[in-house]
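Peer 1: Could you work out the structure for the sequence below:
(one chain, ligands or ions: 1)
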Amino acid sequence: MALLELDNVGLSFSGVRALDGVTFSIEAGALHAVIGPNGAGKSSLFNCISGIHRHMEGQVRLEGKELRGVEPTEIARLGVARMFQNLALFEHLTVLENLLLGRHQRYTSGLLGNLFWTRTARAEEVRHREKAEEVIDFLNLEHFRWMPVAVLPYGIRKRVELGRALCMEPKLLLLDEPTAGLNQEETEDMANYLMDLRHELGVTQVLIGHELRFVMDLATQVTVLDRGRVIANGPPSTLRNDTRVLSAYVGGTVAA
Ligand SMILES: Nc1ncnc2c1ncn2[C@@H]1O[C@H](COP(=O)(O)OP(=O)(O)OP(=O)(O)O)[C@@H](O)[C@H]1O
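Peer 2: Okay, the predicted model is just below:
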């Protein structure tokens, strides 16, 4: 069974058909890219998976469990994390504090446990710190651990944003244009981290991308959306010369 299945997903906004009959699946361990021109429906699709659009049609299933109608916080708890294009960090908190906040939906000891600092709450706090430190090591953020996010360069903030999502120990990581605003070197760094994530930690990723070369080099599977519909779906090698894909990007070419 695929990790995530989208079955005939549709979404309308007062007459605008943002998604229409979107059906495809995401295999465990994949780095699955969703591409398409502006307005194709990529963000709408992520919002449907995250439970933000309650009026969506069709079905979204995570490990066979229907997500439609499930609250976004519960979907996050089930293992769907999201790295936002516009950073969702707390600027005045340190890198470590931001990462620990990424774990908040995993706290189980509750308010009373924390207030009275019970043994369970203490043990839990240690576990959260260990996980945050693992993520810091993995993303080479040691040097920035105690710095407030506000003073960090944009490329490092993007890495912290990825780290915040990773702290949730997701089954499925949704990456909304992870390289937007990054320079060439930072883009290559991000690509390497995403590949390591797949190979070393086995995290399944769905990535919205604009830059075709980046997507084609990185992804194991690509779904192309155009005006809310799936126009192509397959491994990058089969899509490089697909005329539907090329024509969806006006004047665009899929670099070899
Ligand atoms: N909240 C909303 N209210 C009204 N229309 C919306 C809303 N969200 C999306 N749309 C419309 O749905 C369509 C798909 O938009 P969406 O943002 O999902 O595309 P996209 O592929 O992510 O585009 P981009 O690459 O520009 O971010 C567009 O026509 C957009 O105007």
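Peer 1: Would you mind naming what in the stretch 1-150 of the chain lies close to the ligand?
Peer 2: Proximity of the stretch 1-150 of the chain to the ligand (CB under 6 Å from any ligand atom) is limited to residues 13, 16, 18, 36, 38-44. The way it works is simple: take the backbone N, C-alpha and C, and place the C-beta from them, glycine included.
Peer 1: what's the closest of those residues to Ile231?
Peer 2: Proximity of these to Ile231 (CB to CB) peaks at Gly36, which lies at 8.0 Å.
Peer 1: Now that closest one: closest residue in space that isn't a chain neighbour?
Peer 2: Leu225 (3.7 Å; CB to CB, 6 or more residues apart in numbering).
Peer 1: one step back: buried subset of the residues of the stretch 1-150 of the chain next to the ligand?
Peer 2: 18, 36, 40-44 (16 or more other CB atoms under 10 Å).
Peer 1: returning to that earlier point: count of neighbours near the residue nearest to Gly36?
Peer 2: By other CB atoms under 10 Å, 27 other residues sit near Leu225.
Peer 1: can I assume Leu45 is in contact with Val34?
Peer 2: Yes - the pair Leu45 / Val34 is scored as a contact, 6.3 Å apart, by CB atoms under 8 Å.
Peer 1: Spell out which residues are contacts of both of those two.
Peer 2: Leu225 (CB atoms under 8 Å, 6 or more residues apart in numbering).
Peer 1: domain parsing for this protein?
Peer 2: 1-79+170-256, 89-168 (automatic domain parsing).
Peer 1: quick one: which of the residues of the stretch 1-150 of the chain next to the ligand sit in helices?
Peer 2: Under the assignment DSSP state H, those contribute 42-44 to helices.
Peer 1: Once you drop chain neighbours, what's closest to Gly155?
Peer 2: Going by CB to CB, 6+ apart, Gly155 has Glu186 as its nearest residue, at 3.8 Å.
Peer 1: Farthest pair within the buried ones among the residues of the stretch 1-150 of the chain next to the ligand?
Peer 2: Ala18 and Gly36 (11.7 Å).
Peer 1: Please convert the ones in helices among the residues of the stretch 1-150 of the chain next to the ligand to CSV, extending it with pLDDT.
Peer 2: Converted to CSV, those look like this (pLDDT from 0 to 100):
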residue, pLDDT
Lys42, 95
Ser43, 95
Ser44, 96
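Peer 1: Next, the residue nearest to Gly36: secondary structure please.
Peer 2: Following DSSP: H, G, I helix; E, B strand; the rest coil, we place Leu225 in the strand state.
Peer 1: For it, which residues are in contact?
Peer 2: 22, 34-36, 40-42, 45, 231.
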